[in-house]
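A.B. asks: below are the sequence and a predicted model for it; my questions follow.
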Amino acid sequence: MTQSTQQRRRGESRPASPPARLPVQAATGPASPRGGRSPADDADPAAVDVRGLSKRYGRRTVVHDLDLRIPIGAVAGFIGPNGAGKTTTLRMLLGLVRPTTGQGTVLGRPLTEPAGYLPRVGALIESPALYPRLSARRNLEALAILAGQYHPSWIQEVLDEVGLGERADDEVRSYSLGMKQRLAIAAALLGDPDLLVLDEPTNGLDPMGIRLMRELIRDLSIRDNRPRTVVVSSHLLAEVEQICDWIIVVDGGELAYQGPPDGLLSAGASRVTLRPEHLDDLGMLADLAAGLGLAVERAGDQVMATLPAGEAPNGSATPWAAGASETEHDDPQEAMRALLGGLNRAAHAHGITLVEIAPSRVTLEERYTGLVAQGAGRRTGDAA
Ligand SMILES: Nc1ncnc2c1ncn2[C@@H]1O[C@H](COP(=O)(O)OP(=O)(O)OP(=O)(O)O)[C@@H](O)[C@H]1O
(Lines give C-alpha, C1' and ligand atoms only; values in the text may rest on other atoms or scores of the structure.)
Protein backbone atom coordinates (compact mmCIF):
# COMPACT_ATOMS: atom_id res chain seq x y z
CA MET A 1 0.00 0.00 0.00
CA THR A 2 1.36 3.43 -0.87
CA GLN A 3 1.80 6.11 1.72
CA SER A 4 -0.97 8.13 0.13
CA THR A 5 -3.33 5.17 0.28
CA GLN A 6 -2.49 4.63 3.93
CA GLN A 7 -3.08 8.29 4.61
CA ARG A 8 -6.32 8.15 2.71
CA ARG A 9 -7.53 5.23 4.76
CA ARG A 10 -6.79 7.26 7.84
CA GLY A 11 -8.84 10.04 6.27
CA GLU A 12 -5.90 12.46 6.08
CA SER A 13 -4.94 13.06 2.52
CA ARG A 14 -7.84 14.14 0.38
CA PRO A 15 -8.93 17.72 0.07
CA ALA A 16 -12.47 18.55 1.10
CA SER A 17 -13.84 18.29 -2.44
CA PRO A 18 -13.10 14.97 -4.09
CA PRO A 19 -13.83 14.52 -7.78
CA ALA A 20 -17.32 13.52 -8.76
CA ARG A 21 -18.40 10.06 -9.80
CA LEU A 22 -17.70 9.24 -13.38
CA PRO A 23 -19.82 6.53 -15.05
CA VAL A 24 -22.89 7.32 -12.97
CA GLN A 25 -22.43 11.02 -13.07
CA ALA A 26 -22.46 10.97 -16.83
CA ALA A 27 -26.03 9.79 -16.82
CA THR A 28 -27.35 11.95 -14.06
CA GLY A 29 -26.06 15.43 -14.64
CA PRO A 30 -23.06 17.55 -13.93
CA ALA A 31 -20.50 16.62 -11.36
CA SER A 32 -20.75 18.12 -7.94
CA PRO A 33 -18.31 17.83 -5.06
CA ARG A 34 -19.28 15.81 -2.06
CA GLY A 35 -20.56 18.01 0.69
CA GLY A 36 -19.61 17.65 4.34
CA ARG A 37 -21.23 14.78 6.19
CA SER A 38 -23.94 15.82 8.56
CA PRO A 39 -24.75 14.01 11.82
CA ALA A 40 -27.84 12.71 10.03
CA ASP A 41 -25.58 10.98 7.51
CA ASP A 42 -23.67 9.25 10.29
CA ALA A 43 -26.94 7.99 11.67
CA ASP A 44 -27.94 6.40 8.33
CA PRO A 45 -29.64 3.16 9.26
CA ALA A 46 -28.61 1.47 6.03
CA ALA A 47 -26.66 2.27 2.90
CA VAL A 48 -29.61 1.07 0.83
CA ASP A 49 -33.10 0.93 2.29
CA VAL A 50 -35.76 0.73 -0.42
CA ARG A 51 -39.22 -0.75 -0.52
CA GLY A 52 -41.55 -1.84 -3.27
CA LEU A 53 -38.98 -1.40 -6.02
CA SER A 54 -40.41 -2.53 -9.37
CA LYS A 55 -39.64 -2.07 -13.03
CA ARG A 56 -42.05 -2.74 -15.85
CA TYR A 57 -41.12 -2.69 -19.52
CA GLY A 58 -44.32 -2.58 -21.52
CA ARG A 59 -46.49 -5.31 -20.07
CA ARG A 60 -43.57 -7.21 -18.63
CA THR A 61 -42.53 -6.66 -15.04
CA VAL A 62 -38.85 -7.56 -14.74
CA VAL A 63 -38.36 -6.47 -11.13
CA HIS A 64 -41.20 -7.16 -8.68
CA ASP A 65 -41.78 -5.26 -5.51
CA LEU A 66 -38.30 -5.63 -4.02
CA ASP A 67 -37.61 -4.57 -0.44
CA LEU A 68 -33.86 -4.18 -0.13
CA ARG A 69 -31.83 -3.30 2.90
CA ILE A 70 -28.04 -3.25 2.83
CA PRO A 71 -26.27 -2.33 6.08
CA ILE A 72 -23.67 0.41 5.99
CA GLY A 73 -20.18 -1.02 5.57
CA ALA A 74 -21.39 -4.39 4.29
CA VAL A 75 -19.95 -6.23 1.34
CA ALA A 76 -23.23 -7.31 -0.18
CA GLY A 77 -23.47 -10.04 -2.80
CA PHE A 78 -26.37 -9.43 -5.17
CA ILE A 79 -26.90 -12.88 -6.61
CA GLY A 80 -29.26 -14.33 -9.17
CA PRO A 81 -29.26 -16.29 -12.42
CA ASN A 82 -29.05 -14.59 -15.80
CA GLY A 83 -32.07 -12.39 -16.40
CA ALA A 84 -33.01 -12.30 -12.70
CA GLY A 85 -33.17 -8.50 -12.71
CA LYS A 86 -29.85 -7.70 -11.03
CA THR A 87 -28.63 -5.10 -13.52
CA THR A 88 -32.05 -3.48 -13.78
CA THR A 89 -32.21 -3.18 -9.98
CA LEU A 90 -28.72 -1.73 -9.74
CA ARG A 91 -29.51 0.69 -12.56
CA MET A 92 -32.58 1.85 -10.67
CA LEU A 93 -30.50 2.44 -7.53
CA LEU A 94 -28.01 4.40 -9.63
CA GLY A 95 -30.63 6.63 -11.23
CA LEU A 96 -29.91 5.19 -14.68
CA VAL A 97 -33.36 3.60 -15.02
CA ARG A 98 -36.49 5.17 -13.59
CA PRO A 99 -38.29 2.79 -11.21
CA THR A 100 -41.94 2.06 -12.03
CA THR A 101 -42.58 1.97 -8.28
CA GLY A 102 -40.39 2.22 -5.23
CA GLN A 103 -39.46 4.44 -2.37
CA GLY A 104 -36.80 4.64 0.30
CA THR A 105 -33.26 5.90 0.60
CA VAL A 106 -29.75 5.37 -0.70
CA LEU A 107 -27.06 6.71 1.65
CA GLY A 108 -29.84 8.37 3.58
CA ARG A 109 -31.12 10.40 0.61
CA PRO A 110 -34.39 9.79 -1.24
CA LEU A 111 -34.27 7.19 -3.99
CA THR A 112 -36.43 9.50 -6.06
CA GLU A 113 -33.73 12.19 -6.04
CA PRO A 114 -30.56 10.35 -7.14
CA ALA A 115 -28.62 13.58 -7.62
CA GLY A 116 -28.64 13.84 -3.82
CA TYR A 117 -26.64 10.66 -3.29
CA LEU A 118 -24.81 9.94 -6.56
CA PRO A 119 -21.83 12.15 -5.69
CA ARG A 120 -21.08 9.58 -2.95
CA VAL A 121 -21.57 6.56 -5.21
CA GLY A 122 -19.09 4.85 -7.52
CA ALA A 123 -20.20 2.25 -10.03
CA LEU A 124 -18.98 -0.24 -12.53
CA ILE A 125 -22.23 -0.98 -14.29
CA GLU A 126 -20.90 -1.10 -17.78
CA SER A 127 -17.24 -0.79 -18.66
CA PRO A 128 -16.24 2.78 -19.38
CA ALA A 129 -14.92 3.36 -22.89
CA LEU A 130 -11.15 3.11 -22.59
CA TYR A 131 -8.66 4.40 -25.13
CA PRO A 132 -6.54 1.32 -25.96
CA ARG A 133 -3.52 3.32 -27.12
CA LEU A 134 -3.43 5.48 -24.01
CA SER A 135 -1.97 4.41 -20.69
CA ALA A 136 -4.14 3.63 -17.68
CA ARG A 137 -3.04 6.92 -16.14
CA ARG A 138 -3.99 8.93 -19.24
CA ASN A 139 -7.33 7.13 -19.45
CA LEU A 140 -8.16 8.01 -15.85
CA GLU A 141 -7.01 11.58 -16.40
CA ALA A 142 -9.33 11.85 -19.40
CA LEU A 143 -12.27 10.49 -17.41
CA ALA A 144 -11.52 12.84 -14.50
CA ILE A 145 -11.21 15.85 -16.79
CA LEU A 146 -14.47 14.92 -18.55
CA ALA A 147 -16.15 14.84 -15.14
CA GLY A 148 -14.85 18.33 -14.51
CA GLN A 149 -12.42 17.53 -11.70
CA TYR A 150 -8.84 16.42 -11.90
CA HIS A 151 -6.23 15.81 -9.21
CA PRO A 152 -3.07 14.01 -10.45
CA SER A 153 -2.20 12.57 -7.03
CA TRP A 154 -5.59 10.89 -6.72
CA ILE A 155 -5.06 9.13 -10.05
CA GLN A 156 -1.88 7.49 -8.75
CA GLU A 157 -3.68 6.68 -5.53
CA VAL A 158 -6.55 4.77 -7.14
CA LEU A 159 -4.16 3.03 -9.55
CA ASP A 160 -2.19 1.81 -6.54
CA GLU A 161 -5.37 0.81 -4.80
CA VAL A 162 -6.41 -1.54 -7.61
CA GLY A 163 -2.88 -2.91 -7.99
CA LEU A 164 -2.05 -1.21 -11.28
CA GLY A 165 0.43 1.32 -9.93
CA GLU A 166 3.43 -0.30 -11.58
CA ARG A 167 1.71 -0.71 -14.95
CA ALA A 168 0.09 2.73 -14.87
CA ASP A 169 2.04 4.03 -17.86
CA ASP A 170 1.57 0.99 -20.11
CA GLU A 171 -0.91 1.22 -22.96
CA VAL A 172 -4.28 -0.24 -22.02
CA ARG A 173 -4.25 -2.42 -25.16
CA SER A 174 -1.50 -4.46 -23.47
CA TYR A 175 -3.71 -5.16 -20.46
CA SER A 176 -5.40 -8.48 -19.68
CA LEU A 177 -9.19 -8.52 -19.20
CA GLY A 178 -8.66 -8.65 -15.44
CA MET A 179 -6.43 -5.56 -15.55
CA LYS A 180 -9.02 -3.71 -17.65
CA GLN A 181 -11.68 -4.61 -15.09
CA ARG A 182 -9.47 -3.29 -12.30
CA LEU A 183 -8.87 -0.10 -14.28
CA ALA A 184 -12.64 0.32 -14.61
CA ILE A 185 -12.91 -0.07 -10.84
CA ALA A 186 -10.17 2.55 -10.42
CA ALA A 187 -12.39 4.91 -12.46
CA ALA A 188 -15.28 4.18 -10.09
CA LEU A 189 -13.03 4.93 -7.11
CA LEU A 190 -11.96 8.41 -8.23
CA GLY A 191 -14.56 10.08 -6.01
CA ASP A 192 -13.65 7.99 -2.92
CA PRO A 193 -17.26 6.72 -2.83
CA ASP A 194 -19.17 5.64 0.27
CA LEU A 195 -21.13 3.16 -1.83
CA LEU A 196 -19.43 1.17 -4.56
CA VAL A 197 -21.63 -0.81 -6.96
CA LEU A 198 -19.95 -3.43 -9.13
CA ASP A 199 -22.09 -5.26 -11.66
CA GLU A 200 -20.63 -8.70 -12.44
CA PRO A 201 -16.98 -7.58 -12.09
CA THR A 202 -15.75 -11.18 -12.41
CA ASN A 203 -17.50 -11.76 -15.73
CA GLY A 204 -15.16 -13.41 -18.20
CA LEU A 205 -12.24 -13.70 -15.78
CA ASP A 206 -10.25 -16.89 -15.33
CA PRO A 207 -10.01 -18.48 -11.86
CA MET A 208 -6.88 -16.50 -10.96
CA GLY A 209 -8.50 -13.28 -12.16
CA ILE A 210 -11.59 -14.07 -10.08
CA ARG A 211 -9.44 -14.66 -7.01
CA LEU A 212 -7.59 -11.36 -7.49
CA MET A 213 -10.86 -9.52 -8.02
CA ARG A 214 -12.27 -11.05 -4.82
CA GLU A 215 -9.24 -9.87 -2.85
CA LEU A 216 -9.50 -6.42 -4.37
CA ILE A 217 -13.20 -6.10 -3.53
CA ARG A 218 -12.58 -7.14 0.05
CA ASP A 219 -9.78 -4.55 0.35
CA LEU A 220 -11.94 -1.82 -1.16
CA SER A 221 -14.50 -2.23 1.59
CA ILE A 222 -11.89 -1.34 4.23
CA ARG A 223 -11.45 2.34 4.94
CA ASP A 224 -10.29 3.64 8.29
CA ASN A 225 -11.97 7.00 8.19
CA ARG A 226 -15.53 5.82 7.49
CA PRO A 227 -17.21 2.68 6.23
CA ARG A 228 -17.58 1.95 2.56
CA THR A 229 -20.45 -0.25 1.43
CA VAL A 230 -19.78 -2.47 -1.56
CA VAL A 231 -22.50 -4.15 -3.62
CA VAL A 232 -21.23 -6.77 -6.02
CA SER A 233 -23.50 -8.69 -8.36
CA SER A 234 -22.85 -12.12 -9.77
CA HIS A 235 -24.83 -15.03 -11.16
CA LEU A 236 -22.50 -17.38 -9.28
CA LEU A 237 -22.73 -17.40 -5.52
CA ALA A 238 -19.40 -19.22 -5.26
CA GLU A 239 -17.63 -16.27 -6.86
CA VAL A 240 -18.52 -13.85 -4.09
CA GLU A 241 -19.71 -15.79 -1.04
CA GLN A 242 -16.27 -15.79 0.62
CA ILE A 243 -16.11 -12.01 0.79
CA CYS A 244 -19.76 -11.14 1.46
CA ASP A 245 -21.23 -10.47 4.88
CA TRP A 246 -24.66 -9.78 3.36
CA ILE A 247 -26.38 -11.74 0.63
CA ILE A 248 -29.35 -10.82 -1.52
CA VAL A 249 -30.72 -13.50 -3.82
CA VAL A 250 -33.09 -12.44 -6.59
CA ASP A 251 -34.79 -14.74 -9.01
CA GLY A 252 -37.33 -13.90 -11.67
CA GLY A 253 -37.22 -10.29 -10.47
CA GLU A 254 -38.31 -11.31 -6.97
CA LEU A 255 -36.45 -11.35 -3.68
CA ALA A 256 -35.65 -14.92 -2.65
CA TYR A 257 -33.39 -14.19 0.32
CA GLN A 258 -31.69 -11.25 2.01
CA GLY A 259 -29.52 -11.35 5.09
CA PRO A 260 -26.24 -12.72 6.38
CA PRO A 261 -24.79 -15.76 4.58
CA ASP A 262 -25.28 -17.83 7.76
CA GLY A 263 -29.02 -17.23 7.57
CA LEU A 264 -29.16 -18.58 4.05
CA LEU A 265 -27.29 -21.63 5.22
CA SER A 266 -29.22 -22.34 8.39
CA ALA A 267 -32.56 -21.74 6.71
CA GLY A 268 -31.87 -24.71 4.50
CA ALA A 269 -29.79 -26.90 6.75
CA SER A 270 -32.53 -29.42 7.43
CA ARG A 271 -31.18 -32.41 5.63
CA VAL A 272 -31.01 -35.84 7.20
CA THR A 273 -29.31 -39.03 6.11
CA LEU A 274 -31.24 -42.19 7.12
CA ARG A 275 -29.91 -45.73 6.94
CA PRO A 276 -32.22 -48.63 7.83
CA GLU A 277 -30.97 -51.89 9.29
CA HIS A 278 -32.63 -53.83 6.46
CA LEU A 279 -32.31 -52.75 2.83
CA ASP A 280 -35.89 -53.94 2.24
CA ASP A 281 -37.08 -51.02 4.35
CA LEU A 282 -35.53 -48.34 2.10
CA GLY A 283 -38.71 -47.87 0.05
CA MET A 284 -41.01 -47.53 3.04
CA LEU A 285 -38.53 -45.20 4.76
CA ALA A 286 -38.43 -42.97 1.68
CA ASP A 287 -42.25 -42.92 1.59
CA LEU A 288 -42.43 -42.02 5.27
CA ALA A 289 -40.00 -39.11 4.82
CA ALA A 290 -41.89 -37.92 1.72
CA GLY A 291 -45.12 -38.13 3.73
CA LEU A 292 -43.58 -35.72 6.21
CA GLY A 293 -43.12 -33.17 3.43
CA LEU A 294 -39.45 -33.86 2.83
CA ALA A 295 -37.74 -34.02 -0.55
CA VAL A 296 -36.40 -37.56 -0.76
CA GLU A 297 -33.50 -39.03 -2.64
CA ARG A 298 -32.25 -42.63 -2.42
CA ALA A 299 -28.51 -43.21 -2.63
CA GLY A 300 -27.14 -46.74 -2.09
CA ASP A 301 -28.33 -47.99 1.29
CA GLN A 302 -29.37 -44.51 2.42
CA VAL A 303 -32.28 -42.16 2.13
CA MET A 304 -31.43 -38.44 2.01
CA ALA A 305 -34.34 -36.36 3.24
CA THR A 306 -34.29 -32.57 2.82
CA LEU A 307 -36.74 -30.08 4.21
CA PRO A 308 -37.27 -27.25 1.68
CA ALA A 309 -36.16 -23.86 3.03
CA GLY A 310 -38.62 -21.99 5.17
CA GLU A 311 -41.13 -24.85 5.26
CA ALA A 312 -42.27 -26.77 8.30
CA PRO A 313 -42.71 -30.52 8.03
CA ASN A 314 -46.24 -31.72 7.37
CA GLY A 315 -48.37 -31.16 10.42
CA SER A 316 -50.60 -32.84 12.87
CA ALA A 317 -51.93 -35.77 10.86
CA THR A 318 -48.51 -37.35 10.51
CA PRO A 319 -46.44 -39.44 12.92
CA TRP A 320 -44.13 -36.40 12.88
CA ALA A 321 -46.28 -34.48 15.30
CA ALA A 322 -47.35 -37.46 17.39
CA GLY A 323 -45.47 -37.24 20.64
CA ALA A 324 -43.69 -34.05 19.62
CA SER A 325 -44.02 -31.20 22.06
CA GLU A 326 -43.63 -28.45 19.45
CA THR A 327 -44.31 -28.38 15.75
CA GLU A 328 -42.99 -24.88 15.01
CA HIS A 329 -39.37 -23.91 15.59
CA ASP A 330 -37.73 -20.60 14.84
CA ASP A 331 -34.32 -21.82 15.94
CA PRO A 332 -32.75 -23.92 13.14
CA GLN A 333 -31.05 -26.22 15.65
CA GLU A 334 -34.35 -26.88 17.42
CA ALA A 335 -36.01 -27.45 14.05
CA MET A 336 -33.35 -30.02 13.22
CA ARG A 337 -33.83 -31.84 16.53
CA ALA A 338 -37.55 -31.95 15.90
CA LEU A 339 -36.99 -33.23 12.39
CA LEU A 340 -34.71 -36.02 13.62
CA GLY A 341 -37.16 -36.96 16.35
CA GLY A 342 -40.08 -37.00 13.93
CA LEU A 343 -38.28 -39.22 11.45
CA ASN A 344 -37.15 -41.60 14.18
CA ARG A 345 -40.67 -41.89 15.58
CA ALA A 346 -42.14 -42.45 12.12
CA ALA A 347 -39.62 -45.21 11.36
CA HIS A 348 -40.17 -46.87 14.73
CA ALA A 349 -43.96 -46.75 14.35
CA HIS A 350 -43.58 -48.76 11.10
CA GLY A 351 -41.21 -51.32 12.56
CA ILE A 352 -38.11 -49.91 10.88
CA THR A 353 -34.88 -49.90 12.85
CA LEU A 354 -32.49 -47.14 11.88
CA VAL A 355 -28.75 -47.77 12.16
CA GLU A 356 -27.95 -44.19 11.13
CA ILE A 357 -29.85 -40.94 11.39
CA ALA A 358 -27.63 -37.94 10.87
CA PRO A 359 -28.08 -34.29 9.95
CA SER A 360 -25.78 -33.09 7.19
CA ARG A 361 -24.89 -29.60 6.11
CA VAL A 362 -26.39 -28.10 3.01
CA THR A 363 -23.81 -25.85 1.38
CA LEU A 364 -24.54 -22.26 0.50
CA GLU A 365 -24.31 -23.11 -3.18
CA GLU A 366 -26.85 -25.93 -2.76
CA ARG A 367 -29.18 -23.55 -0.90
CA TYR A 368 -28.85 -20.95 -3.64
CA THR A 369 -29.48 -23.51 -6.36
CA GLY A 370 -32.45 -24.81 -4.38
CA LEU A 371 -33.93 -21.32 -4.02
CA VAL A 372 -33.56 -20.64 -7.73
CA ALA A 373 -35.06 -24.03 -8.61
CA GLN A 374 -38.03 -23.36 -6.31
CA GLY A 375 -38.61 -20.04 -8.08
CA ALA A 376 -38.43 -21.66 -11.51
CA GLY A 377 -40.92 -24.33 -10.36
CA ARG A 378 -43.30 -21.67 -9.08
CA ARG A 379 -43.12 -19.72 -12.33
CA THR A 380 -43.74 -22.87 -14.42
CA GLY A 381 -46.71 -23.63 -12.17
CA ASP A 382 -48.00 -20.07 -12.56
CA ALA A 383 -47.73 -20.30 -16.32
CA ALA A 384 -49.56 -23.65 -16.50
N1 LIG B 1 -34.51 -1.91 -21.61
C2 LIG B 1 -35.17 -3.09 -21.48
N3 LIG B 1 -36.31 -3.32 -22.16
C4 LIG B 1 -36.98 -4.49 -22.03
N5 LIG B 1 -36.58 -5.51 -21.24
C6 LIG B 1 -35.43 -5.34 -20.54
C7 LIG B 1 -34.68 -4.13 -20.62
N8 LIG B 1 -33.61 -4.26 -19.80
C9 LIG B 1 -33.68 -5.49 -19.25
N10 LIG B 1 -34.78 -6.14 -19.69
C11 LIG B 1 -35.20 -7.49 -19.31
O12 LIG B 1 -35.27 -7.54 -17.91
C13 LIG B 1 -34.90 -8.84 -17.45
C14 LIG B 1 -33.85 -8.69 -16.39
O15 LIG B 1 -32.66 -8.24 -17.01
P16 LIG B 1 -31.37 -7.86 -16.18
O17 LIG B 1 -30.31 -7.46 -17.15
O18 LIG B 1 -31.73 -6.88 -15.12
O19 LIG B 1 -31.01 -9.24 -15.51
P20 LIG B 1 -29.65 -9.71 -14.83
O21 LIG B 1 -30.03 -10.44 -13.60
O22 LIG B 1 -28.73 -8.56 -14.69
O23 LIG B 1 -29.11 -10.74 -15.90
P24 LIG B 1 -27.60 -11.04 -16.40
O25 LIG B 1 -26.93 -11.77 -15.29
O26 LIG B 1 -27.83 -11.90 -17.59
O27 LIG B 1 -26.98 -9.72 -16.73
C28 LIG B 1 -34.42 -9.61 -18.66
O29 LIG B 1 -35.44 -10.48 -19.07
C30 LIG B 1 -34.18 -8.54 -19.69
O31 LIG B 1 -34.42 -9.03 -20.99
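C.D. replies: Cool, got the structure.

A.B. asks: and the host helix or strand of Leu143, how far from the chain's centre?
C.D. replies: According to DSSP states H and E, Leu143 maps onto helix 136-146. Using CA atoms, centre = their mean, to the nearest Å, we find the averaged C-alpha position of helix 136-146 to lie 30 Å away from the chain's own average C-alpha position.

A.B. asks: which strands and helices sit next to the helix or strand following that helix?
C.D. replies: Downstream of helix 136-146, the next assigned helix or strand under DSSP H and E is helix 152-161. Secondary-structure packing of helix 152-161 (3 or more CB pairs under 8 Å, 6 or more residues apart in numbering; DSSP states H and E): helix 3-9, helix 136-146, helix 177-189. Quick note: C-beta positions are derived from backbone N, CA and C, even for glycine.

A.B. asks: how about those helices, which one is nearest Leu96?
C.D. replies: Judged by CB to CB, the one of the helices and strands packed on helix 152-161 that comes nearest to Leu96 is helix 177-189, at 13.8 Å.

A.B. asks: just checking, what packs against the helix or strand following that closest one?
C.D. replies: Where DSSP H and E defines the elements, the next helix or strand beyond helix 177-189 is strand 195-199. Strand 195-199 makes packing contacts with helix 86-93, strand 121-124, helix 177-189, strand 229-234 when contacts are defined by 3+ CB pairs under 8 Å, 6+ apart.

A.B. asks: need those in TSV with mean pLDDT, distance to Leu279 and mean neighbour count, can you?
C.D. replies: TSV is the format used below for the helices and strands packed on strand 195-199 (pLDDT from 0 to 100; distance: least, CB to CB, whole Å; neighbours: other CB atoms under 10 Å):
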stretch	mean pLDDT	distance to Leu279	mean neighbour count
helix 86-93	96	47	23
strand 121-124	92	56	27
helix 177-189	91	52	23
strand 229-234	95	43	25
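
A.B. asks: any idea which of these gets closest to Asp206?
C.D. replies: Distances from Asp206 to each of the helices and strands packed on strand 195-199 were compared using CB to CB; the minimum, 7.7 Å, belongs to helix 177-189.

A.B. asks: and the contacts of the closest one?
C.D. replies: Contacts with helix 177-189, where a contact means CB atoms under 8 Å, 6 or more residues apart in numbering, come from 21-23, 122-124, 127-128, 130, 136, 139-140, 143, 158-159, 161-164, 167, 172, 175, 196, 198, 201-202, 204-206, 208-209, 212-213, 216, 220.

A.B. asks: I'd like the helices and strands packed on strand 195-199 as TSV, with distance to Tyr257 appended.
C.D. replies: Putting the helices and strands packed on strand 195-199 into TSV (distance: least, CB to CB, whole Å) gives the following:
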stretch	distance to Tyr257
helix 86-93	14
strand 121-124	24
helix 177-189	27
strand 229-234	15
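
A.B. asks: closest one to the ligand among these?
C.D. replies: Across these, the minimum distance to the ligand, taken as CB to the nearest ligand atom, is reached by helix 86-93, at 3.3 Å.

A.B. asks: packing partners for that closest one?
C.D. replies: Secondary structure elements in contact with helix 86-93, counted by 3+ CB pairs under 8 Å, 6+ apart, are strand 48-57, strand 60-70, strand 75-79, strand 195-199, strand 229-234.

A.B. asks: what pairs with the longest one, parallel or antiparallel?
C.D. replies: Within its sheet, and counting by DSSP bridges, strand 60-70 is paired with strand 48-57 (antiparallel).

A.B. asks: which positions in the chain make contact with the ligand?
C.D. replies: Where proximity means CB under 6 Å from any ligand atom, the interface of the chain facing the ligand comprises Tyr57, Val62, Gly80, Asn82, Gly83, Ala84, Gly85, Lys86, Thr87, Thr88, His235.

A.B. asks: report the buried members of these.
C.D. replies: For the residues of the chain next to the ligand, a burial check counting by 16 or more other CB atoms under 10 Å picks out Val62, Gly80, Ala84, Gly85, Lys86, Thr87, Thr88, His235.

A.B. asks: domains of the protein?
C.D. replies: Partitioning the chain according to automatic domain parsing yields domains covering residues 3-260, 269-361.

A.B. asks: mean pLDDT lowest where, among those?
C.D. replies: With a mean of 77, domain 269-361 has the lowest mean pLDDT of the domains of the chain.

A.B. asks: and the strand or helix carrying Glu334, what's buried?
C.D. replies: Under the criterion DSSP H and E, the helix or strand holding Glu334 is helix 332-349. Across helix 332-349, burial judged by 16+ other CB under 10 Å covers Pro332, Ala335, Met336, Ala338, Leu339, Leu340, Gly342, Leu343, Asn344, Arg345, Ala346, Ala347.
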